[in-house]
Every structure is written in structure tokens, then in C-alpha cells.
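Asker: Pasting the sequence and the predicted coordinates here, then a few questions.
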Amino acid sequence: MSTSVESPRVRLSRATRQIAPLLEAREVFGAGEPFATLRELAHRRSRSGAYAVYVLLLDDAAQDTHSRTNSGQADMPCVYVGQTSKGVGTRYEDHLVGYKSRAYIRQNVIGMLPGVHERYNPLPDLDTALAAEAALAEALRVIGCTVFGGH
């Protein structure tokens, strides 16, 4: 669990170190969904795709603002999973200013977790991006994260 005295950079680094190895191990050794889909997506990624998935680290306070959330393990991060046809940096900036973004994201976002999502990008089309978003969100739930988004 994080403390409010840690810098955002430290929290992002710690979250990536918690999540990435668990996802990668399950992607390699995990049976069934969502890991089979993630395995396939990592190998099918496009060199020039117009879509991408992304993961944002949220402050733990986000859990208190949304009653429909799937509560994860207390020691695992709270994240938001989305997909975009923009660059992930541009979409992140949109979240910061509230453009097509829920208030609980804008108010609780700490930063992006490229070490978690970059292995799946770019994606060739919207259908693939939607499948990647759903699979990545479910995989993060399975490893214990509290997940928002991932429609």
C-alpha cells in the first residue's frame, strides 16, 4: 500500500515492478482467458497500428469514490485501463484536463504505466483494441489490482 509522502515517480516505479512481472509470468504460463488473448496480442501487435491500450495508476482513494469497482488486494495498485486511437500521451493529457474522462480518474491519476501496456501496442484496429482493453483489465483483476475501465 502506498503512502502519500512518496513521490509520483516512486509510486509509478513501484507499481510497474509489482504488476509487470506478474502479468508477464501469467501471460507465458497462464492457461485460459484472459492470458491466452494477451499472449496472442503481444505477438500480433502491428508496426503501424492506429490504436493502443494504456494503463493509468490511480491513487488508492479512487476505490472510495466508485461503488461498482472490483476491489483488489490491499497491497496491489489501483489502475484504470483504456484504449485510444490517439497517442497514449495525448490521451493521458486528455484525462488530466477532463476531456472524455470521469472525475474520479482526473482527481486520482498519478501517471501512466507504460511498462505494463507498451508490449501490446500499437494495435491494428478498433476491434483488436477493444479486445486488448478487456483482456488487460481482466488480467489485472486476476493478479489482484483494483481496476477501473476496461469496458
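Answerer: Here it is on my side, so go on.
Asker: Could you use CA atoms for every contact and neighbour count after this?
Answerer: Will do.
Asker: List phi and psi for Ala42.
Answerer: Dihedral angles phi and psi of Ala42 (degrees, to the nearest 10) take the values phi -60, psi -30.
Asker: now swap in Gly149 and tell me
Answerer: phi 80, psi -150.
Asker: Report the beta-bridge partners for it.
Answerer: Legend: beta-bridge partners of Gly149 under DSSP bridges are Val81.
Asker: so it makes contact with Tyr80?
Answerer: Yes. The pair Gly149 / Tyr80 is scored as a contact, 5.5 Å apart, by CA atoms under 8 Å.
Asker: pLDDT value on Arg106, please?
Answerer: As summarised for this prediction, Arg106 has a pLDDT of 91.
Asker: other SSEs contacting the one helix or strand it maps to?
Answerer: Assessed by DSSP states H and E, Arg106 sits inside helix 103-108. Contacts defined by 3 or more CA pairs under 8 Å, 6 or more residues apart in numbering; DSSP states H and E place helix 103-108 against helix 62-65, helix 88-97.
Asker: Next, the buried residues of the shortest one.
Answerer: Translated: helix 62-65. Neighbour counts over helix 62-65 (16 or more other CA atoms under 10 Å) mark Ala62, Gln63 as buried.
Asker: Let me see the mean pLDDT of that helix.
Answerer: For helix 62-65, the mean pLDDT works out to 74.
Asker: With the last one instead?
Answerer: When pLDDT is averaged along helix 88-97, the result is 93.
Asker: List the residue ranges of this protein that fall below the pLDDT cut-off.
Answerer: Along the chain, segments meeting pLDDT under 70 span 1-4, 65-70.
Asker: what residue is smack in the middle of it?
Answerer: Central residue of the chain (CA atoms, centre = their mean): Val55, 2.5 Å from the mean position.
Asker: Surely that one touches Met112?
Answerer: Yes. At 6.0 Å, Val55 and Met112 qualify as touching, with contact defined as CA under 8 Å.
Asker: Tell me which residues are up against the one helix or strand Arg26 maps to.
Answerer: In the assignment (DSSP H and E), Arg26 maps to helix 8-29. Helix 8-29 is contacted from outside by 2, 35-36, 38-39, 57, 76-77, 110-113, 115-116, 139-140, 143, using CA atoms under 8 Å, 6 or more residues apart in numbering.
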